[in-house]
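Student: sequence isn't available, so here's the structure alone:
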């Protein structure tokens, strides 16, 4: 580092490359003190004076130990310790930051998207910890949106992360990343956080925001409490976040070679676009704790409650092919939901040899939706949806290291789940005569469903260290699932009597059992810069379903190979290849042969004779991170081919569709090719730029049925491209600018959509008290023939006043300042072969005046 001897500030810093080369960009004709440090060497110091020309400056360091009484006045903004990258938070902040997300976006090689997902070096961060303690395990959004920026001291990126020390080095953890936040000294052993309250300014309706946050950390206990009550569209969590919240549960069968996932009967209540709607009223509360009664024992857990009332409005134009009618629709809905998450965990690690943990995650919710649809083809439609799903997921793990040669692991997971979606639709016309409805002035159609799942996974691993650089892994595992599926379609007549047709087509009473017993063998060895892990698994599959008074069984074996290779080009440069052959199975939802409503104009029936599909997957990933110039390069290429895939056979009648599940033979394989590349670099501490692209090609096959015509295999191909450029500054005392541009091309079924998205952001901290932040984004959607051409934009801004060292903060903020009315989007249905163009209405302009008190 170079310290200006007059101003006493650090004007530049650098980290050498693997050959010891470094570069410092300094002011001309200035006196500097050059300092250099390295673990195991004595600190080097020397004073120099720069000139108007570049200098070559060689440093020779002597081995030894740095003296304890040497005072470290300046900290390096970035340092590396083993597999850990350590960022000094204050080195990247300028005073406008309010939460963890704002700081992360300024770190070299780190990105945060609008959903709160963190990526480092192109890899997704799975876990966020504070002082080594889990922060709402299973989600990073709550951390990025709520941890105060002024509490951050160090941000540690833990690469090759494995929380079970017994398995470190035995498995391939190159894709595993975690983040650990180190707090400033004044934030430990004290409660800290903030209390925010705000009201709308100049609105016809009252608008409000109440957002208290409290945190407490010491070595034995940590407590985090977050709440948010508002009707301005601020979403701490969405329904989508709720359903994907894993609670930190791992996919323990990822090496098994089989894919059996319990599908959801969720009816789509609470689904939003871009986390926006016509009106959103949110009530959110969450608490997280961690307690260490001893060094070997840890208890932790969290509770989250999310309540929301949402109004949506959407106008859609549907362009159908093959002489089917085009349609315009207007739909409005009112959604009401309360969703709850509870987790309790315990971990017992008395020594490096033994690790035991148990986790339980409970989810339950109460959701309703009333929707009105006004269609140019189907007339007026009114629907009601209700669902109260409940699930308990439990995890028990035991790891034991006998000695340096032998390691044992036992893992088991159990899922209990109940789903009870209820659907009601009132239509002017009979959409499906096949259901046997009686002729009425209007058709009041109802469907009740109840799906119950018990699924248990058990796996035992034995690792034998052949040499310090190689090991053999033997796996014994079993997956067993038992499901019940009951559904009934009935009609309420004009006189309020119930018409139970009691036909097999309108009812389901199905039991389905699935069992996968397998043994696997993998051999991991390191040869120079290469790491190889070839392996395979041998499976015995048994399935049985009971429905329609008969049973249907399958029993067969399958050999599934897999392969992993890593080329460690340099310490921070790798090339990775993975291959796997995978058996894919459906659950009970596609096997139940009775009709099930997907929507008011869409029916689905399963097929008990479905077989598994087989997919081969290839993945190639390149990564390079150069601390010398903060150059970050990553790219990947994935290819998958699926044969005997389970597909939909769609029968189209006007605007209505009846579909069923079928296996398409191997002559019509589904294929997917995806790829991405990104180059990023920081310049002279103050500039950060990146360029990237992503490509996605898909080939899908479905069976389409048109009246008076033969069934046809409908093959659709889509090719999506996205290119982006980003540039940002990070000055301490000057205004900071961020510029971005994304250009997307979506080619679907000969209909090409082009999307331009430029963005601009401005941050400025001035007069030691004011912070101004503004973001603008513009969207331009159009198709090739210009028959669709729409534009919309969004502008947000905030002005904050807070004196230095004051606990009070005053803020005036505005959302949707340009008062944009709707989001315009395009989509394509591969089954129906039609295009949708929709306008999705969003909340109007809001101005909020808020007051925050910092604890």
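Tutor: All right, it came through fine. All values reported here derive from a predicted model rather than from experimental measurement. Numbers count the residues shown, from 1 in each chain.
Student: from what I can see residue 818 touches residue 793, true?
Tutor: Yes - in this structure, residue 818 sits in contact with residue 793. The criterion is Cβ atoms under 8 Å, and the distance is 5.9 Å. For the C-beta atoms, the positions are set from N, CA and C on the backbone; glycine is no exception.
Student: ok, now how distant is residue 607 from residue 198?
Tutor: Taking Cβ to Cβ, to the nearest Å as the measure, residue 607 falls 54 Å from residue 198.
Student: now do residue 179
Tutor: Spatial separation of residue 179 from residue 198 under the definition Cβ to Cβ is 29 Å.
Student: more crowded one of those two?
Tutor: Set residue 179 next to residue 198 and count neighbours by other Cβ atoms under 10 Å: residue 179 wins out with 24 against 21.
Student: can you tell me the element the nearest residue to residue 705 once chain neighbours are set aside falls in?
Tutor: Closest residue in space to residue 705, ignoring its immediate chain neighbours: residue 651 at 4.1 Å, by Cβ to Cβ, 6 or more residues apart in numbering. Assigning secondary structure by DSSP states H and E places residue 651 in strand 646-653.
Student: strands paired with that strand, and their directions?
Tutor: In its sheet, strand 646-653 lies beside strand 656-663 (antiparallel), strand 687-705 (parallel), with partners assigned from DSSP bridges.
Student: for the record, mean pLDDT for the first one?
Tutor: Right, the one you point to is strand 656-663. Across strand 656-663, pLDDT averages out at 85.
Student: continuing past that strand, what's the next helix or strand?
Tutor: Next element after strand 656-663 (DSSP H and E): strand 670-683.
Student: helix, strand or coil for residue 15?
Tutor: Counting by DSSP: H, G, I helix; E, B strand; the rest coil, the backbone at residue 15 sits in coil.
Student: how far away is it from residue 163?
Tutor: Applying Cβ to Cβ, the value for residue 15 to residue 163 is 28 Å.
Student: go on, residue 503?
Tutor: Counting by Cβ to Cβ - residue 503 and residue 163 are separated by 53 Å.
Student: the more surrounded of the two?
Tutor: With neighbours defined as other Cβ under 10 Å, residue 503 and residue 163 compare such that residue 163 has more, 17 against 13.
Student: residues contacting that one?
Tutor: If you count contacts by Cβ atoms under 8 Å, 6 or more residues apart in numbering, residue 163 has them with 127, 178.
Student: where does it sit, in terms of helix or strand?
Tutor: With secondary structure defined by DSSP H and E, residue 163 is part of neither a helix nor a strand.
Student: state the pLDDT value of residue 482.
Tutor: In this prediction, residue 482 has a pLDDT value of 97.
Student: one more: residue 26?
Tutor: Confidence at residue 26, expressed as pLDDT, is 89.
Student: shift numbering so it begins at 29
Tutor: Right, with 29 as the first residue, what we last looked at is residue 54.
Student: ok, it - how many residues close by?
Tutor: With neighbours defined by other Cβ under 10 Å, the count for residue 54 comes to 17.
Student: excluding sequence neighbours, find me the nearest residue to it.
Tutor: In space, residue 54 is closest to residue 78, 5.2 Å off (Cβ to Cβ, 6+ apart).
Student: who's in contact with that neighbour?
Tutor: 54-58, 60.
Student: for the residue nearest the centre of the chain, grab phi and psi.
Tutor: By Cα atoms, centre = their mean, the chain has its centre lying nearest to residue 145, at 5.7 Å. The phi and psi torsions at residue 145 (degrees, to the nearest 10) take the values phi -80, psi 130.
Student: got a pLDDT number for it?
Tutor: The predicted structure lists residue 145 with a pLDDT of 88.
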